[in-house]
Every structure is written in C-alpha cells, then in structure tokens.
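> Predicted model follows, preceded by the sequence.
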Amino acid sequence: SQTIHQWPATLVQPVGSPLSLECTVEGTSNPNLYWYRQAAGRGLQLLFYSVGIGQISSEVPQNLSASRPQDRQFILSSKKLLLSDSGFYLCAWSTTSGKETQYFGPGTRLLVL
Amino acid sequence: GESVGLHLPTLSVQEGDNSIINCAYSNSASDYFIWYKQESGKGPQFIIDIRSNMDKRQGQRVTVLLNKTVKHLSLQIAATQPGDSAVYFCAEAGNMLTFGGGTRLMVKP
C-alpha cells in the first residue's frame, strides 16, 4: 500500500531564516506530487505541483520554491521566511493522471516568529 | 483557489442526527468529485468519490449526491457521531483537482 510522509511535524523558525520541508511517498512510482498551504481555519491553497523529477509548476508567486530531486521526494524551501509563511503545509500525491484522488500527508505546522 | 481567503462555514448537529454538507462547484466539465474529511491538525482524508455518470453513491454511513444540472454536490452522514466532527472539503476534477472552501461540522453530544 502507498504511504506518504512529511517532516518535520512542527517547526518554529525566526523571520529571515531558511526553510526545508520534506515529503516522501512509498509504494508507488512516478506519482504527481503537490504542496499546499492551509492558513488556520481556511481552505487549501495549491503552491506547487510536479509531474516528474525536476519538473515543478508554481501556482502562486512567493518566496517559496519546490524541488523534486527523486521520483518520490518533494521538497519545499525558502531562503528567507516571512511572517506570512506561517501555516499548515500539506504534501499530497496522485496517480499520473492528475485528475484522480489526491492522498495527503500528515502535514507540517510552521510558525514563523 | 478562490475559496482560500474565506472563513469556514459551520454546521452544528446533534449526535445521532443526520448531517448534510453542501458544495457548489464551478466547472461544468468536471467529471469526477471527491469528499475529504480533515480532523484538527491532520491532513485531509479521502471519504468517498463519485463520477459524473452517477447521481448517487453510498458508502458506510455516507452518501454523496451529485446534481449536474445545478452543479451541486452534497455529502450526507447518517447517525452523526462525535468522531465525525471535522472540516469537510469537496473537490472537483476538471483539468486538475480543485478544492472547495470547506465546511466545519460540529457534533453536539
């Protein structure tokens, strides 16, 4: 069966510090991968998605970036965090079609102070 | 999506009652729909899905209804339990999966 992992689970970072959140998927090959952000009490905002290694599409221009160095690894990064980057970050995967069900990881709660 | 900036509407029901959560979708070409449940501090979890060639699909205590004429989707939860308290999101698949804004379900004991 497929599983998706995210770490860390919780992160507190000062403004201006770098960020690296990691997501890995097991039990499937060539998945589509997604990064979402969710502010408290709000809906899901798609940040990035990837259909393959090294292929990243950005949905929202901001100071975050994403990379996919391996087939089942998706990384969300920032060189300098802003207060507004605080939120709940969710990674998800789907089959290659992109229109099918997305399966979410447990999320990373980021607090920027 | 356009719903990202909106506060979540809340549905409050008594334990044991049936719950109905509604969702309006925008893309008439969407042919696949999903309901997710998100508990506090966790990632959304798949509940049930339905394709556009169906009007109704039933799961365990949950039923999804699709009305393509008015572009409306609903999730019915029978005999609502405290464990059903969560935020529920609908999603529609056009070119990509697009999520609705979510509804918070609160179950009163």
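Sure thing, it's come through. Treat the numbers as computed from the prediction; the structure is a model and nothing was measured.
> Now B:N18: closest residue in space that isn't a chain neighbour?
If you skip the residues right next to it in sequence, B:N18 has B:A78 as its closest partner in space, 5.4 Å away by CB to CB, 6 or more residues apart in numbering or on different chains. C-beta here means a position set from N, CA and C on the backbone, and glycine is covered the same way.
> Provide the backbone phi and psi angles at that neighbour.
Dihedral angles phi and psi of B:A78 (degrees, to the nearest 10) take the values phi -90, psi 140.
> Let me know whether it touches B:G59 as I believe.
No - taking contact to mean CB atoms under 8 Å, the distance of 10.3 Å between B:A78 and B:G59 leaves them out of contact.
> returning to what we had before: so how far is chain A from the residue nearest to B:N18?
Distance of B:A78 to chain A, given as CB to the nearest CB, to the nearest Å: 23 Å.
> residues near that residue, how many?
As a burial measure, B:A78 scores 14 neighbours (other CB atoms under 10 Å in any protein chain shown).
> any idea which residue sits dead centre in chain A?
By CA atoms, centre = their mean, the mean C-alpha position of chain A lies nearest to A:W35, the distance being 3.1 Å.
> And what about it, helix, strand or coil?
Taken by DSSP: H, G, I helix; E, B strand; the rest coil, the conformation at A:W35 corresponds to strand.
> Now do the contacts for the residue nearest to B:N18.
Applying CB atoms under 8 Å, 6 or more residues apart in numbering or on different chains, we find B:A78 in contact with B:N18, B:R61, B:V62, B:T63.
> Surely the first one is in contact with B:S74?
Put plainly, it is B:N18. No - using CB under 8 Å, B:N18 and B:S74 do not qualify as a contacting pair, with a distance of 11.5 Å.
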